[in-house]
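J.: Sequence and predicted model, in that order:
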Amino acid sequence: AVARAVVQEVHQCLSNKPDLNNAPVSGLYFGGGTANLTPPTPFRLLAQTLAEAYDLTTAEVSLEGVPSNFLRGQSLLIDVMQEELRARHFRISMGIQTFSETRLEQMGRLAFGRPAVFESVVKAAHQRGMTASGDLLFNLPGQQLAEMRDDVQQAVNIGLDQICLYHLVMFRGLGTAWSRDEAVLSSLPSNEEAADNWLILREFLLDNGYRQTSLTNFERQELADDPRRYRYEPISYESIHCQVLGFGPAGISYSSAPDSQYALKTMNPESSAEYLQSIQSQGPTWNRYFQYHQRDLELLHFTRRLAALRVDKTSFSESFGASAWTHHLDQFAVFVEAGLMNEGQHAYSLTPRGMFFSDSIAALLAEGHRQYRNGRLLSVHNDNS
């Protein structure tokens, strides 16, 4: 039902914005989460609809999901995807988390696939000319460095083209079952230990023929100058030039003005039930929005570029004006002093330690922005009074 509603939303979008008909698309992503749970027949209809609506000839198409579902059923979605979408390149992305069957059982993920399944999915993708990406968690409760390294080694061994390495975020009050277990919380490493593990695992991947392309993504060196390299993620870091159309539950759309002074982000209802109601109403599908003005866009630019590991001074000045830097120089000086960033002539770049603490950098930038907004609102209220 949701897939059919997404088809309807695509048609509604083209009806409201006919200039988007046959618009060229750089990246198409079926996700996040378990997009490969979609039954083959509605997935085929969705793919056919997108192929008719947009120009996908130069697009990279990704399908995200649980490992076992890539190989399940009479009609595999990876085959449907290639049959219906005449795109430049196809890739899959799966949540592996760990190769330890004991830990997979603890997580309730054994039904999603065991190590042998992970390897079979990669082989199936490669046989079809696709690239394959896998997500790994590290710093799990009670996990020793040797076990983390073994997970990364197995990810390398099964031939993953991209390996995404995620530090497990867990704390009291998070709301998950694990975060309510005191024994689990007490077995987590300290921030400093967790950061040290990141530094070691990062070097391990670099030594094994991967290059780091973002905060979490490592890609095989041989794909660096290959058209099959992963493009969806780096495209999204170019928030000034990137226009996004999001369909389905929690779909996010983003568009910006040519002068970089204004942008709008909208978000569809998160639950399937609310989304279906919204589609049936024939009104706007989205139920939340945010209007970006220049200072908001500056913060968005920083956080997006942090994910890309560096903030280019020239591109920032060209987009927002040289004087815009004066609002942020003190904050960046703090990051450099703390050893989280290096300042070069043309850019601020994250240090390996800064990569681990990038969320803290983003939070401090956001706090400075919050203070600016509050001060501006107070000034406006005073003027009005």
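T.: Noted; the coordinates are in hand. Residues are numbered from 1 along each chain as shown.
J.: measure P24 to Q12 for me?
T.: P24 is 21 Å from Q12, where distance means Cβ to Cβ, to the nearest Å. To be clear about C-beta, it is placed using only N, CA and C from the backbone, and glycine gets the same treatment.
J.: Low-confidence bits of the stretch 201-350 of the chain, can you list those?
T.: Residue ranges of the stretch 201-350 of the chain with pLDDT under 70: 239, 260.
J.: Neighbour count for P24 and Q12, which is higher?
T.: Using other Cβ atoms under 10 Å, the more surrounded residue of P24 and Q12 is Q12, with 16 against 10.
J.: And what about the more buried one, helix, strand or coil?
T.: Here Q12 is recorded as helix under DSSP: H, G, I helix; E, B strand; the rest coil.
J.: Check the secondary structure at the residue nearest to it when sequence neighbours are not counted for me.
T.: Of all residues not flanking Q12 in the chain, T285 sits nearest, at 7.3 Å (Cβ to Cβ, 6 or more residues apart in numbering). Counting by three-state DSSP, the backbone at T285 sits in coil.
J.: and T285, what does it touch?
T.: Going by Cβ atoms under 8 Å, 6 or more residues apart in numbering, T285 touches E9, Q12, G251, N268, P269, Y275, S278, I279.
J.: now do H346
T.: H346 touches D312, K313, T314, counting by Cβ under 8 Å, 6+ apart.
J.: Could you check how far the second one is from L56?
T.: Pointing back at K313 there. In terms of Cβ to Cβ, K313 sits 35 Å off from L56.
J.: The two: which is more packed in?
T.: L56 (22 against 17).
J.: how near is the more buried one to Q82?
T.: 12 Å.
J.: Assumed T326 was part of a helix.
T.: Yes - with three-state DSSP as the criterion, T326 is part of a helix.
J.: Make 5 the first number, not 1, from now on.
T.: With 5 as the first residue, the last one maps to T330.
J.: Count residues in the vicinity of Q247, would you?
T.: What Q247 shows, counting by other Cβ under 10 Å, is a neighbour count of 13.
J.: Repeat that for L67.
T.: The burial count for L67: 25, using other Cβ under 10 Å.
J.: so it is in which element?
T.: If you go by DSSP states H and E, L67 is part of strand 64-69.
J.: And A199, by the same measure?
T.: Counting by DSSP H and E, A199 is part of helix 195-211.
J.: what's that helix packed up against?
T.: Packing partners of helix 195-211 (3 or more Cβ pairs under 8 Å, 6 or more residues apart in numbering; DSSP states H and E): strand 135-142, helix 149-161, strand 166-171, strand 214-216, helix 356-360.
J.: How many residues are close by Q265?
T.: Q265, neighbours per other Cβ under 10 Å, totals 13.
J.: Let me see the ranges of the strands in the stretch 155-304 of the chain.
T.: Per DSSP state E, counting those that start in this stretch, the stretch 155-304 of the chain carries strands over the ranges 166-171, 214-216, 221-224, 256-260, 267-271, 292-296.
J.: Give me the sheet partners of the shortest one and which way each runs.
T.: When pairing is defined by DSSP bridges, strand 214-216 lines up against strand 221-224 (antiparallel).
J.: which residues sit against the partner strand?
T.: With Cβ under 8 Å, 6+ apart, strand 221-224 has contacts from 137, 165-169, 209-210, 213-217, 233-234, 237.
J.: re earlier: contacts for the helix or strand following the strand holding L67?
T.: Later in the chain than strand 64-69, the nearest helix or strand by DSSP H and E is helix 81-88. Residues from elsewhere that reach helix 81-88, judged by Cβ under 8 Å, 6+ apart: 34, 40, 42, 44, 47-48, 51-52, 55, 65, 67, 69, 73-74, 94, 96, 128-129, 132, 134.
J.: One more pass at 6 Å, please.
T.: Contacting residues not belonging to helix 81-88 are listed as N40, P44, F47, R48, A51, Q52, A55, L67, F94 [Cβ atoms under 6 Å, 6 or more residues apart in numbering].
J.: Next, the angle strand 64-69 makes with that helix.
T.: Helix 81-88 and strand 64-69 are oriented at 150 degrees to each other (axes from the mean of the first three to the mean of the last three Cα atoms, to 10 degrees).
J.: elements contacting the helix or strand following helix 81-88?
T.: Toward the C-terminal end, the helix or strand that comes next after helix 81-88 (DSSP H and E) is strand 93-101. Strand 93-101 sits against strand 64-69, strand 135-142, with contacts defined as 3 or more Cβ pairs under 6 Å, 6 or more residues apart in numbering; DSSP states H and E.
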